[in-house]
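Undergrad: Okay, here's the prediction I keep looking at, along with the sequence it came from:
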Amino acid sequence: MKTSTGSICQVKESPIDERYRLLLLNQYLKNIKEVPVASGCSKWVFCCPFCSTLGRTEAKRNERKGALLWNDLQNSWVFFCAKKGNPQCSSGEKTLEKFLSALDEDLAEQYRMDRWNSGTTGKGHNSPMPKSIQQVHKHS
């Protein structure tokens, strides 16, 4: 599978986001294809992990309707599903953190913890504090 790191977008991509993007591409998503876009970045298209299983035929189940797209404003990846066939994917774009949370809450908590350890969670960032840290702050 292609998981290149040479496009313009990856220059802005944090090492944490890169690690979790590659983990998604290699372990959680299927029928992946890297596609260049006009901005010079790449996007990854794949079978939506939330609604692709709802297809009536094998061909429909293998359609690439999900995508990881680079968002310059958030300086991160967002998930988008063109089909929007499930409540998990019908709400529009999801941040990388919300996408991870919808796929695997334990993985998302690990991502939030990595981001918290690097100082990139909470107010002014696109990832909340880890739930375990939030609970400690509530009881303080």
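TA: Now that the structure is in, tell me what you want to look at.

Undergrad: all contacts plus neighbour counts: C-alpha atoms, from now on.
TA: Fine.

Undergrad: Hmm, Leu113 is touching Pro128, no?
TA: Rather than Leu, residue 113 is Met. No: counting by C-alpha atoms under 8 Å, Met113 does not reach Pro128; the two are 9.5 Å apart.

Undergrad: then the biggest helix by length in the chain to CSV, C-alphas only?
TA: Taking DSSP state H as the criterion, the chain has its longest helix at helix 105-117. Included here for helix 105-117 are C-alpha records, laid out as CSV according to Å, rounded to 0.1, in the frame of the first residue of the first chain:
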residue,chain,number,x,y,z
GLU,A,105,-11.9,4.7,21.5
ASP,A,106,-8.8,3.1,23.1
LEU,A,107,-6.7,4.2,20.1
ALA,A,108,-8.2,7.7,20.3
GLU,A,109,-7.4,8.0,24.0
GLN,A,110,-3.8,7.0,23.2
TYR,A,111,-3.7,9.7,20.4
ARG,A,112,-5.1,12.3,22.9
MET,A,113,-2.4,11.3,25.4
ASP,A,114,0.4,11.6,22.9
ARG,A,115,-0.9,15.0,21.9
TRP,A,116,-1.3,16.0,25.5
ASN,A,117,2.3,14.9,26.2
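
Undergrad: Low-confidence ranges, the protein, go.
TA: The chain contains residues with pLDDT under 70 at 1-11, 134-140.
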